[in-house]
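Enquirer: only geometry, no sequence info:
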């Protein structure tokens, strides 16, 4: 395995994979500006968060809620086109947007950026700006800012309405690193004395260290350009949740990779995954994902 340099890292994240590829409707996406705000507004005009739909005055039957099981950017865009045949660049009424969760906003955001050759990636972690004193499970995008030579976090879900709803003051196009903790930073915080019970999934009983543990694996997968749904835990995280308490050395390693996510960290991740199958997303899971997107359109 050859050395992985910074230029390799940027090339890697500028290229789409099966989850973020946009091809069949690319002609409608190409005219969108490379301006980050323009891409975010495009995404927000196509998607609606399942848990927030009622605040927008929308309600969905179960068959529509099932849209949150879609994975790929292509599938999301094709569903949006079926719901409203106008240009994808047109903002849809809330009831005509694709139902998803934060991961869908982020994956589509990254898909659009990658279609324009901009290095970007999906990040899984915890936001502190939705509930005071809580670290809420959340996904955001991250793109390489060429002029500043740094990775910038972007919350593609957070629109003006949600800012008012949650009282959010941050710049959602440049989210401070202490307001969104990538999963590795969240794990380190818990190991250094932060209360694990403040980390979890909003509106559920799922709080505690095991949720941080699971998100480390989700972020590690996303760094490999495998952007799973939030509930699709795999490998060690799926088979042995007690590993959060007994495999701390291994998770510490993964957390450091998540926190740094530079070219050296990604090279280290590749080496770890090559020797430990518990860290791999099983090939059958990837086949199942492709079949899920196809089955949805066959049924709808």
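Expert: Yep, that arrived. Computed from a predicted model, the values in this text were never measured in an experiment.

Enquirer: now the strands for the stretch 51-200 of the chain?
Expert: 98-100, 120-127, 135-145, 150-154, 180-182, 199-200 (DSSP state E, counting those that start in this stretch).

Enquirer: need these in TSV (columns: mean pLDDT and distance to residue 165).
Expert: Every C-beta, even on glycine, is put in place using the N, C-alpha and C of the backbone. Output for these, formatted as TSV (pLDDT from 0 to 100; distance: least, C-beta to C-beta, whole Å):
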stretch	mean pLDDT	distance to residue 165
strand 98-100	98	18
strand 120-127	98	14
strand 135-145	98	14
strand 150-154	98	19
strand 180-182	98	18
strand 199-200	98	20
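
Enquirer: and the contacts of the helix or strand bottoming out on mean pLDDT in the chain?
Expert: Ranking every helix and strand in the chain by mean pLDDT, DSSP states H and E puts helix 283-299 at the bottom, with a mean of 78. Helix 283-299 has contacts (C-beta atoms under 8 Å, 6 or more residues apart in numbering) with 18, 66-67, 69-72, 75, 78-79, 226, 228, 232, 234.

Enquirer: same question for stretch 157-166: list its buried residues.
Expert: 157, 158, 159, 162, 166 (16 or more other C-beta atoms under 10 Å).

Enquirer: what's it in contact with?
Expert: Here stretch 157-166 has contacts from 44, 47, 49, 52, 55-56, 102, 105-106, 129-130, 168, 172, using C-beta under 8 Å, 6+ apart.

Enquirer: again, only this time at 10 Å
Expert: Stretch 157-166 has contacts (C-beta atoms under 10 Å, 6 or more residues apart in numbering) with 40-41, 43-45, 47-49, 52, 55-56, 94, 100-106, 109, 127, 129-132, 136, 138-141, 155, 168-170, 172-173, 175.

Enquirer: of those, grab the buried ones for ChimeraX.
Expert: A single ChimeraX command selects the buried members of the contacts of stretch 157-166 (16+ other C-beta under 10 Å):
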select :40,41,43,44,45,47,48,49,52,56,94,100,101,102,103,104,105,106,109,127,129,130,136,138,139,140,141,155,168,170,172,173,175
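
Enquirer: mind checking which of the contacts of stretch 157-166 are in helices?
Expert: 40, 41, 43, 44, 102, 103, 104, 105, 106, 109 (DSSP state H).

Enquirer: in TSV: the strands of the stretch 51-200 of the chain, plus distance to residue 256.
Expert: Below are the strands of the stretch 51-200 of the chain laid out as TSV (distance: least, C-beta to C-beta, whole Å):
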stretch	distance to residue 256
strand 98-100	31
strand 120-127	14
strand 135-145	17
strand 150-154	16
strand 180-182	11
strand 199-200	18
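
Enquirer: so which of those strands comes closest to residue 85?
Expert: For residue 85, the closest of these is strand 98-100, at 14.0 Å, according to C-beta to C-beta.

Enquirer: parallel or antiparallel, list what pairs with the closest one.
Expert: Strand 98-100 pairs in its sheet with strand 47-49 (parallel), by DSSP bridges.

Enquirer: what about residue 244, which SS state?
Expert: Judged by DSSP: H, G, I helix; E, B strand; the rest coil, the three-state class of residue 244 is helix.

Enquirer: was I right to think it contacts residue 208?
Expert: Yes: between residue 244 and residue 208 there is a contact under C-beta atoms under 10 Å: 8.7 Å.

Enquirer: need the overlap of contacts for the two.
Expert: 190, 196.

Enquirer: between those two, which one's more packed in?
Expert: residue 244 (22 against 16; other C-beta atoms under 10 Å).

Enquirer: now that one: closest residue in space that isn't a chain neighbour?
Expert: Nearest residue to residue 244, sequence neighbours excluded (C-beta to C-beta, 6 or more residues apart in numbering): residue 213, at 3.5 Å.

Enquirer: next helix or strand past the helix or strand hosting the one you found?
Expert: According to DSSP states H and E, residue 213 maps onto helix 209-223. Next in sequence after helix 209-223, counting helices and strands by DSSP H and E, comes helix 235-239.

Enquirer: mind giving me the packing neighbours of that next one?
Expert: helix 209-223, helix 243-246, helix 248-260 (3 or more C-beta pairs under 10 Å, 6 or more residues apart in numbering; DSSP states H and E).
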